[in-house]
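Engineer: Make a model of this:
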Amino acid sequence: MNKTNAVLMGAVVGVALVYTLLVFIFTLVDVIAGEEMIKFDPLDITGGSLIPDSLHDAYWSLVNAFSGGSEIVAALLLTIGFVFVIIGCISPNTRDMRGKESDPKEYLFTSQPMSIVKCLLVPWNSILFLWSKKKIPVILPIIFIPFMLPFAVLMDIIMIPLFLIVKLVIEVRIRLAASKDREIYDRDTQYAICPKCKREFYKPNIKCKCGLVVSYPSPDAHGIKSHTCNNGHTIPCTNADGARSKLQAVCPHCKKEIKTRDAKPVAISMVGAVGSGKTTMMISGVEGVCAVAKEKGIVTEIATSKISPEAQRTKASVTPTPPGELDSEYFFMRSRDLSEKEILINDISGIEFEPDQDKILFEEYYRYNDGIIFVIDPLIVMAIHNSMSPTKGTKTTPVVTLESFYHMFTEINGYGPNVRSTVPFAVVLSKMDDPRVKSAVDAEGAAEAFLKKYGQESFVKIVKSAFQNVKYFKVASLGEKVNASEPFKWIITENDKDLKSRLL
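Structural biologist: Next up, the predicted model:
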């Protein structure tokens, strides 16, 4: 039982038990003195008895029948009855507020399911407790129910108003705290995206240090400032001082461990033919974004190995991206005056955009993304344009790659033929660090003009008709004038107004 529940039970059960103890002591004194009286009011404010004389006389007839008229025996029987009430108050049944297996967290005493009923059962829980002890016959507390009765009923009568008052206070506090936490979460985070299965969800589950997986901790029936798992471990349920960001998140869809850190995600998908330079550009782009962020006082934390500082040092010799569905690469950005951000990048193998390949519909890659970077190798464009081959139009040109991608993109999102996507679409001419590429592209001025000159006017038209927000870039991922971060910064700032004034 956590500290909050100990305080709540002290305020309700503890107060009622103390009052009942006084009643028991004064009653015991009177019984030993030969008076047949349950002192419901030990201070004699109401004359000592709060029940009708007829019921009082009937009850004492029952006591006399069991005690044989002996005051000592009657006092002993009442004492045993009161002890059973105490056992009920401290029994595991009373202290057990564990949640269900589907969400193994302790409930608050006043907010657990059927809380009023469970509160009223507190003084009677000795019966349930002893029933669970196979070596102790349950007949014992059943026999002593008549002697538990006055004290258990009195406790219930006292607990009802106390419980209702405390419950009202706690419910009001939960509502206020939950409203504030939801407002902050919706403002700063809004939703999360799993880097494993790529699906979107409102909030993740959390894995406790003991291994139990619980629902996302926020102020509710399990606690206002913290929750407690069924094994007794404390879990913060607000993000004060970044406490909740340190928890191990679990995707509610694929059940895999991930990081979300209460950070607003921006998901970017890389598209391009085999060898177009997507992976090198991604690594170099992340390096550039992190460098700009550092200059602006923003702390970055890279969470995956493919874009790590080690990968950045060896980016000139990266291996081709394997086909199939891969985990997203991602990193976090934060500062004292900036809520945490998560940047996810999906580096998709160019093989998946080959026209002769069986298409794998990467649904979540394209359903939950905030920007697309389409990478084109100018050397390939020039080679195809200058080729005398009669079949050059069937090769993997930018148009063929675009059509292959766009078929999947529209099918997954259910776009009709006249729909223009609002997702930011960056068209990137890569390998500007190659002198041949730089000379040819710069000769035409703009990237768009280069594509038109070298036979890709249809590509430009298709992009313009399919996407509302398009921007062209000329990018060098290696060498002295690296600018691979530009497309990433553009997409990030198009989606996050907090970062717009920081990264541009």
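
Engineer: Can you pull the poorly scored residue ranges out of the stretch 151-300 of the chain?
Structural biologist: Filtered on pLDDT under 70, the stretch 151-300 of the chain yields no residues whatsoever.

Engineer: show me where it has strands.
Structural biologist: Here the stretch 151-300 of the chain has its strands, by DSSP state E, counting those that start in this stretch, at 192-193, 200-201, 205-207, 213-214, 226-228, 234-236, 248-250, 257-258, 264-272, 299-302.

Engineer: quick one: which of those strands is nearest Glu71?
Structural biologist: strand 226-228 (47.4 Å; Cβ to Cβ). Just so you know, the C-beta spots here come from the backbone N, C-alpha and C atoms, and that holds for glycine as well.

Engineer: end-to-end on stretch 241-260?
Structural biologist: Chord length of stretch 241-260, first to last residue, is 16 Å (Cα to Cα, to the nearest Å).

Engineer: now stretch 191-208
Structural biologist: 21 Å.

Engineer: who touches the closest residue to Ser485 other than its chain neighbours in this structure?
Structural biologist: Among residues not flanking Ser485 along the chain, Gly288 sits closest, at 2.8 Å (Cβ to Cβ, 6 or more residues apart in numbering). Counting by Cβ atoms under 8 Å, 6 or more residues apart in numbering, Gly288 touches Val482, Asn483, Ala484, Ser485, Glu486, Phe488, Lys489.

Engineer: which one of those is nearest Thr94?
Structural biologist: For these, the nearest to Thr94 is Phe488 (57.0 Å; Cβ to Cβ).

Engineer: Point out the one among the strands of the stretch 151-300 of the chain that comes closest to Val85.
Structural biologist: strand 226-228 (27.1 Å).

Engineer: picking that back up, who wins for proximity to Leu168 among the strands of the stretch 151-300 of the chain?
Structural biologist: strand 226-228 (21.3 Å).

Engineer: could you say what helices and strands that closest one packs with?
Structural biologist: Counting contacts by 3 or more Cβ pairs under 8 Å, 6 or more residues apart in numbering; DSSP states H and E, strand 226-228 packs against strand 234-236.

Engineer: The strand it packs on: partners in the sheet, and parallel or antiparallel?
Structural biologist: strand 226-228 (antiparallel) (DSSP bridges).

Engineer: Need the residues that contact the partner strand.
Structural biologist: Against strand 226-228 from outside (Cβ under 8 Å, 6+ apart): Asn2, Thr4, Lys105, Glu106, Val214, Pro217, His222, Thr234, Ile235, Pro236, Cys237.

Engineer: what residues does whatever helix or strand Thr94 lives in touch?
Structural biologist: Per DSSP states H and E: Thr94 is located in helix 92-95. Outside of helix 92-95, the residues within contact range by Cβ under 8 Å, 6+ apart are Met1, Asn5, Met9, Val13, Gly88, Leu121, Val122, Asn125, Leu128, Phe129.

Engineer: change it to 10 Å
Structural biologist: With contact meaning Cβ atoms under 10 Å, 6 or more residues apart in numbering, helix 92-95 is reached by 1, 5-6, 9, 13, 87-89, 106, 109, 118-119, 121-129, 131-132.

Engineer: For burial, what's the neighbour tally of the residue nearest to Ala152 when sequence neighbours are not counted?
Structural biologist: Spatial nearest neighbour of Ala152, chain neighbours left out: Pro123 (3.8 Å); criterion: Cβ to Cβ, 6+ apart. Applying other Cβ atoms under 10 Å, we find 28 residues neighbouring Pro123.

Engineer: Quick one: classify Pro123 as helix, strand or coil.
Structural biologist: Using DSSP: H, G, I helix; E, B strand; the rest coil, the structure places Pro123 in helix.
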